[in-house]
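Engineer: Could you look at this predicted model? Sequence included:
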Amino acid sequence: MCRDISFHSEIQVVTRDFQGIQVSPDVARHPDEMVHVTCEILPNYPIVVQKQGLHLVNMSWGVIPVYENDPKQRQIRRRNMVNAQSERILADKRSYWYKMRNNRCLIPTTGIFEHQKVAGFKNKIPYHVSEKGRDGFYVPALYQVSQEVDQETGELFKFPTFTMITRSSNDVMTWIHNDGDNKHRMPLFLTPEMEQAWIREDLSEGEMAEIFNYSIPEEKLDFYPVFSIRGGKPHPEGKLKDAFYDWGGKVPKYDGGFYGSQPQTALF
């Protein structure tokens, strides 16, 4: 599962890539606040959605299981609904995700984080992974707008939530994501053309299946280790959480080679 992402950029990267998109006034705009975003807190995040025109709106990460009536159980189950396996969306017509297949959206990001188990380290080492040559890319997702009840006032309100789509990993992501119950998975990285196609209202199931079958070549990904991203432990060098950190040179390199490109310090 992918549970940590980064949007270390200004919102203009989205308005550049999606001409004419309408930006909701409450979306996050300050890059330092979104260097690391984890699904563990079920956060709000700016999402690109096509609904009578393109919109950038806040949605909450983790789809609400509307079939669960108990509010506490809903929150517990939500934490297992932050990712959707691409293999199940069309193949399993009984799945929750199949019912949502036409509610397509995109997650703007400058990188995702994944953890690697490394011999000699008590904790897993986080890696920052991005698409090479791009200052921003978009991970496909599904969204849901459910009707919820305010537990204090009893008032009804609409609540949009989303889930990130994942697939089996390519070789380099298999090397990074090498441990845990959901090892050897990665976000469904796409080409720019596929990203644009994903939110077309007339996308057919056949075209959707082609997108799900796409596995990004490893040479199109940049990756490097970073310092611990969860918890309040500060970076030893005072840098942000998406900055390169070599762990004293003790972490392995992929096939004995080099890491990907170093991160950009500023995009705008």
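Structural biologist: Sure, I can see it.

Engineer: Please report the distance of the residue lying closest to Asp150 once chain neighbours are set aside from Arg79.
Structural biologist: Computed as CB to CB, 6 or more residues apart in numbering, the closest residue to Asp150 that is not its neighbour in sequence is Phe157, at 6.4 Å. (Glycine included, C-beta is placed from N, CA and C.) Phe157 sits at a distance of 21 Å from Arg79 (criterion: CB to CB, to the nearest Å).

Engineer: Neighbour count: those two, which is higher?
Structural biologist: Arg79 (13 against 10; other CB atoms under 10 Å).

Engineer: Point to the helix or strand of this protein where mean pLDDT is at its lowest.
Structural biologist: helix 71-78 (a mean of 88; mean pLDDT, DSSP states H and E).

Engineer: low-scoring stretches of the protein, by residue?
Structural biologist: Along the chain, segments meeting pLDDT under 70 span 28-31, 256-268.

Engineer: just the strands in it please.
Structural biologist: 4-6, 22-23, 37-38, 44-50, 54-61, 83-85, 104-109, 111-116, 125-131, 137-149, 156-168, 185-187, 221-225 (DSSP state E).

Engineer: Looking at these, which is nearest to Ala209?
Structural biologist: Minimum separation from Ala209 across the strands of the chain (CB to CB) falls at strand 156-168, 12.1 Å.

Engineer: chain center to that closest one, what's the gap?
Structural biologist: Between the centre of strand 156-168 and the centre of its host chain there is 11 Å, according to CA atoms, centre = their mean, to the nearest Å.

Engineer: ok, now how distant is Val35 from Phe7?
Structural biologist: In terms of CB to CB, Val35 sits 8 Å off from Phe7.

Engineer: swap in Ala141?
Structural biologist: 14 Å.

Engineer: Have a look at the two and say which one is more surrounded.
Structural biologist: Ala141 (27 against 24).

Engineer: thinking the more buried one is in contact with Ile47, fair?
Structural biologist: Yes - the criterion here is CB atoms under 8 Å, and Ala141 meets it with Ile47 at 7.0 Å.

Engineer: Between the two, which contacts overlap?
Structural biologist: 105-107, 162 (CB atoms under 8 Å, 6 or more residues apart in numbering).

Engineer: So which of those residues is the closest to Pro65?
Structural biologist: Phe162 (13.8 Å).

Engineer: can you count the residues close to that closest one?
Structural biologist: The number of residues near Phe162, taken as other CB under 10 Å, comes to 25.

Engineer: again, but for the one 4 residues further on
Structural biologist: The criterion is other CB under 10 Å. On that basis, Thr166 has 21 neighbouring residues.

Engineer: How much space separates it from Glu10?
Structural biologist: 27 Å.

Engineer: ok, now Pro187?
Structural biologist: Distance from Pro187 to Glu10, by CB to CB: 22 Å.

Engineer: Pick out whichever of these two has more residues nearby.
Structural biologist: Pro187 (26 against 16).

Engineer: Identify the residues contacting the more buried one.
Structural biologist: 2, 112, 139, 164-167.

Engineer: beta partners for the closest residue to Val23 other than its chain neighbours?
Structural biologist: Nearest non-adjacent residue to Val23, counting by CB to CB, 6+ apart: Leu56, 4.7 Å away. Leu56 forms beta bridges with Val23, Val48, as assigned by DSSP bridges.

Engineer: cool, and Gly111?
Structural biologist: Bridge pairing for Gly111 - DSSP bridges - gives Ser6.

Engineer: That one reaches Tyr127, doesn't it?
Structural biologist: No - judged on CB under 8 Å, Gly111 makes no contact with Tyr127 at a distance of 9.5 Å.
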